[in-house]
Every structure is written in C-alpha cells, then in structure tokens.
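Trainee: Give me a 3D structure for the following:
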Amino acid sequence: MDSVRSSQAGPAGRPGRAGPYHPHRSSFMKREHTPSYENRDDPRIILVLQGGGSLGAYHLGVYEALAEKSLHPHWVSGISIGAFTAAVLAGNRPERRVERLKEFWREISWPGDWGSSLPVQWRKVANMASHATSLLFGQPNFFAPRWVSPLLSTSGSADELSFYTTHPMRSTLRRLVDFEYINSHATRLSLGAARLRDGELVFFDNARDQIGPEHVLASGSLPPAFPPTRINGELYWDGGCVSNTPLNAILEDPPDRHTLIFMIDLFDKSGPEPRSMDDVNWRAKSIQYASRTSHHIAQMAREHNMSQRLERERGGAHFSGGARPPRRDIVHLVYKRGADQTGDSDAEFSRWSIEERRQAGYRDMKRVLELAPWKRAPSNDMAPASFSSSGEQAQESDMLVHTADSESQEITSHLHL
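Mentor: You can find the predicted model right below:
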C-alpha cells in the first residue's frame, strides 16, 4: 500500500449536477442524530467504488472486512463494475450483503478453480486463455456475443451498435438486487454514467430518482463492447468514459456531519516502466482509468478554505459562535494486481482470479482498519487530510504526520504499506 490519507473540509457550495437536481438534503440526512465534531467513533460511512471490470471482485473483499467491523455504508457511489457492487449493497439488507455479493461473482465467473494450483507463469497463460474464452463466448449471466457483427449492421439502431448484449446482466440484477429496497432510501445510492448527447457525467441518485436495473446497466455500458442504455429518451454509456471515480457525487452534496469516506480504486496511476507490449497495454489502461484523487481532494480543500475565508470575513458562525466544520476523512485504497495478471485482467473472469482479488481486498482493508489512521489524525479546522493505501504490509511506526497551517490545502499522513 502506498499511503493512507484523511480529508477534512467544510461545507461546499450548492450541489451542481449534470441534470435536474432537487436540493432537499433528503431523508438520508434527516433520520440520524448528528454527533459532535470530535466523535470520530460514529462517523457517517460512505463507500466510493471505481470501475474496472472483473477487478471489481476486490470490492467484495473490501466490503467483507468492513462488514466484520459493522462499518455498513450509509451512502454508496459507484461507476461501471463499482455501480453493480453498489447496487447489490444498497439493494440488500446489511446481513445479506456479503452473501449476495459472493453470489454475484459466482454467477458471472467461469466455474472451476484449477488454475489456482498452477505456477505463476502457467497461471498467466491460463488467464490469457480465460480472457480469450470471454471474448469468444461472453460471460455467464453478464454478457453474450452478438452472432451478427455490429460492423455488418445496417439498422442504425443504437441498441445493436456493440459486440455483446447485456441482457443476461439485467436478469442477474433482478435476481440479486431488491430495487424496492433501494428506493425505500435505507441506503443512499449514486450511479455515474456518461450522457451521449453532451458527454456530461450524470449521477442517478435514489435521493431523487427511482432506480431500476437500467440505471445500473447505464453506468456499465462500456463501448464498443456493450450498447448504450436508454433512459427517459437519453442514451448513456459507462461513466468511466468521463471519470472513473464517483467521488464527484459526494463532493456535490457533502453530508453536514463527520464523514468517513472509503474510496476503493481498481487502477493504480503509478507503475513501473513497461517491458513488454502486455505491460504497455496495462499501463496505458491504468493511466487512463486511474482516479485523479489528489485533484479531488485539492478541490475539496479549495472549496472548504474559500468557505472559511468568507465566513471569517463576515464574522460568521464558524468563527463567532465557535462551531466547527464537519470533518471528512478519506481512506483511499488501491488494488495491486498480482504477477500472474495480464494487460487484459479487467476482462478476465476466471474463478481463481476472482478469488485472488477478493482475498486481496479483504487483506488490504483489514490492515487499514487495524491502523485506523483517521482516529489519530491531527485536529485542524481548516486543512483537509487524506489517507491512501495500495497493498502490502503496514507498519504503524511508518506514519509521519505533516501539519499545515490554516491557509494550506492539505494535511497528509504518509503511511507506507
């Protein structure tokens, strides 16, 4: 793991969305007693899930570790495979979520775990064969190939302009996700999708939208493999076409209480120089789809500091009344692929690879929860901090805290993992 970070920011301006928004702060905010700023043992939990195809099994392991500590999210935001995970979580009661997520990954992966016993190099060959099988025959309960190539299509219908159909996934979602439960607002759900008409990133949110399978599919409609999804006359593609990290949904409507955000990324923007064309494929993909976490945190900091300056100049409540802004801690966890993975690992669904990613997510989140750096983060009213991590043995003694003054944009706790 690379580093574990925490972000503290005050109220941002009014939420801005690429689509109609009704700023009612929703029933999600009104139901709960708001604890004091110092009460870090009772934060509002938010889970932010990046897209990344079959790498999303990492999300399963992460959530298993969170569930063991009863850290069930109040709000889940996802894009692409992260949207599928988010829908399964928000569409089931907490006691059933791990079971349902495991069932989801069992259904969409090829059965058999014989590849796990192979040496690394042979396992890599087996993974390549698994990927080739998906390309040729699709993936059970997820997508199926069109037997007439879209390159030969003459209809011009958007529904036919893809190499695969996602009808199997629609059925899978209906089996494993209780959409009535999602729309009961027990857990807030935000799903990012790219609107074809203008290229805007739009979030479907059960705080204002009636969520159905089509909204989940829209977030994962990655071209040219999958067709766009039409909702209310508009066509949508995978949200990763615009931004692969759905933190924007949180920034646009930040809770007004202490918040602990777990941001789970599947692509790492950092990596070694490529030594093969397979490495080139993976590095290009990682750079393209990796989150711009530092940019998002800096944005949160700028909005926070500007808000505080305005309040100070006006002699507002934050300064005259002694009230403090709500704290926001961001835990950023990044998946590190194993030596047996290939440049197309995000489209490789073998049962052994799915299990390997699940175990990695569980192991990494367990380490983060043992350290719980947000509980010891410096208390500073102005500067945000963040905790980031990307996968190996954590040593608590490695934590170095750099405190910034009230005008700075960031406090960073570096934790080498």
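Trainee: For the helix or strand where residue 202 lies, which strands pair with it and how are they oriented?
Mentor: If you go by DSSP states H and E, residue 202 is part of strand 201-205. Paired with strand 201-205 in the same sheet, following DSSP bridges, are strand 188-195 (antiparallel).
Trainee: By mean pLDDT, flag the weakest helix or strand of this structure.
Mentor: For the chain, the helix or strand with the lowest mean confidence is strand 400-402, at a mean of 28 (criterion: mean pLDDT, DSSP states H and E).
Trainee: does residue 370 count as helix, strand or coil?
Mentor: Residue 370 falls in the helix class when you classify it by DSSP: H, G, I helix; E, B strand; the rest coil.
Trainee: What pLDDT does the model give the one residue sitting closest to the centre of the chain?
Mentor: With distances taken as CA atoms, centre = their mean, the residue of the chain nearest its centroid is residue 49 (1.0 Å). The model reports residue 49 with a pLDDT of 97.
Trainee: Nearest residue to residue 344 in space, ignoring adjacent ones along the chain?
Mentor: residue 131 (4.8 Å; CB to CB, 6 or more residues apart in numbering). Quick note: C-beta positions are derived from backbone N, CA and C, even for glycine.
Trainee: in which helix or strand would I find that neighbour?
Mentor: Here residue 131 sits within helix 120-137, counting by DSSP H and E.
Trainee: Give me the contact list for that helix.
Mentor: Contact with helix 120-137 is made by 110, 115-116, 118, 145, 339-342, 344-345, 347-350, 352-353, as judged by CB atoms under 8 Å, 6 or more residues apart in numbering.
Trainee: Give me the subset of those residues lying in strands.
Mentor: Within these, residues falling in strands by DSSP state E are residue 145.
Trainee: Report the buried members of the contacts of helix 120-137.
Mentor: Buried members of the contacts of helix 120-137, scored by 16 or more other CB atoms under 10 Å, are 110, 115, 145, 340-342, 344-345, 347-350, 352-353.
Trainee: Below-threshold pLDDT in the stretch 1-150 of the chain: ranges please.
Mentor: 1-41, 114-117 (pLDDT under 70).
Trainee: Let me see the contact set for residue 366.
Mentor: Residue 366 touches residue 65, counting by CB under 8 Å, 6+ apart.
Trainee: Enumerate the positions of whatever helix or strand it lives in that are buried.
Mentor: Applying DSSP H and E as the criterion places residue 366 in helix 351-371. By neighbour count on 16+ other CB under 10 Å, the buried set for helix 351-371 is 351-358, 360-362, 364-368, 371.
Trainee: which residue ranges form the helices in the stretch 201-350 of the chain?
Mentor: 213-219, 248-252, 277-289, 293-314, 317-320 (DSSP state H, counting those that start in this stretch).
Trainee: The third one: how far from the chain's middle?
Mentor: It stands for helix 277-289. 20 Å (CA atoms, centre = their mean, to the nearest Å).
Trainee: quick one: contacts of that helix?
Mentor: Residues contacting helix 277-289 (CB under 8 Å, 6+ apart): 50-52, 240, 244, 266-269, 271-272, 274, 337, 341-346.
Trainee: One more pass at 7 Å, please.
Mentor: 51-52, 240, 244, 267-269, 271, 274, 342-343 (CB atoms under 7 Å, 6 or more residues apart in numbering).
Trainee: Please tell me which one of those counts the most neighbours.
Mentor: The most crowded member of these, judged by other CB atoms under 10 Å, is residue 51 (32 neighbours).
Trainee: tell me the secondary structure for that one?
Mentor: Recorded secondary structure, residue 51: coil (three-state DSSP).
Trainee: In contact with it, which residues?
Mentor: 79-82, 238-240, 244, 289.
Trainee: now residue 165
Mentor: 143-144, 146.
Trainee: what do you get if the cut-off is 10 Å, keeping everything else the same?
Mentor: 138, 143-146, 159, 226-227 (CB atoms under 10 Å, 6 or more residues apart in numbering).
Trainee: what bridges to it?
Mentor: Residues in beta-bridge contact with residue 165 (DSSP bridges): residue 144.
Trainee: how far away is it from residue 143?
Mentor: 7 Å (CB to CB, to the nearest Å).
Trainee: what is in contact with these two at once?
Mentor: What both residue 165 and residue 143 touch, as defined by CB under 10 Å, 6+ apart, is the set residue 226.
Trainee: What is the burial count for residue 232?
Mentor: With other CB under 10 Å as criterion, residue 232 counts 6.
Trainee: How about residue 120?
Mentor: 9.
Trainee: what do you get for residue 255?
Mentor: 22.
Trainee: Give me the phi and psi for the nearest residue to it once chain neighbours are set aside.
Mentor: Once flanking residues are discounted, residue 255 sits nearest to residue 44: 5.2 Å by CB to CB, 6+ apart. Phi and psi for residue 44, reported as degrees, to the nearest 10, are phi -80, psi 130.
Trainee: which residues does residue 44 bridge with?
Mentor: Going by DSSP bridges, residue 44 forms beta bridges with residue 259.
Trainee: what separates residue 185 from residue 141, distance-wise?
Mentor: On the measure of CB to CB, residue 185 and residue 141 end up 28 Å apart.
Trainee: ok, the two, which is more surrounded?
Mentor: Between residue 185 and residue 141, counted using other CB under 10 Å, the more crowded position is residue 141 (18 against 15).
Trainee: mind checking how far the more buried one is from residue 167?
Mentor: Relative to residue 167, and taking CB to CB, residue 141 is found at 10 Å.
Trainee: about what we covered before: pLDDT-wise, what's the bottom of the buried ones among the contacts of helix 120-137?
Mentor: residue 115 (65).
Trainee: Next up, the contacts around the nearest residue to residue 234 once chain neighbours are set aside.
Mentor: Counting by CB to CB, 6+ apart, residue 195 is the residue found nearest to residue 234 once chain neighbours are left out, at 6.0 Å. Applying CB under 10 Å, 6+ apart to residue 195 gives the contacts 18-19, 201-202, 218, 228, 231, 234-237, 239, 241-242.
Trainee: again, but for residue 142
Mentor: Under the contact definition (CB under 10 Å, 6+ apart), the residues listed for residue 142 are 54, 84, 104, 107-109, 134, 164, 166, 168-169, 172, 220, 226, 349.
Trainee: Just give me the closest of those residues to residue 90.
Mentor: residue 84 (11.2 Å; CB to CB).
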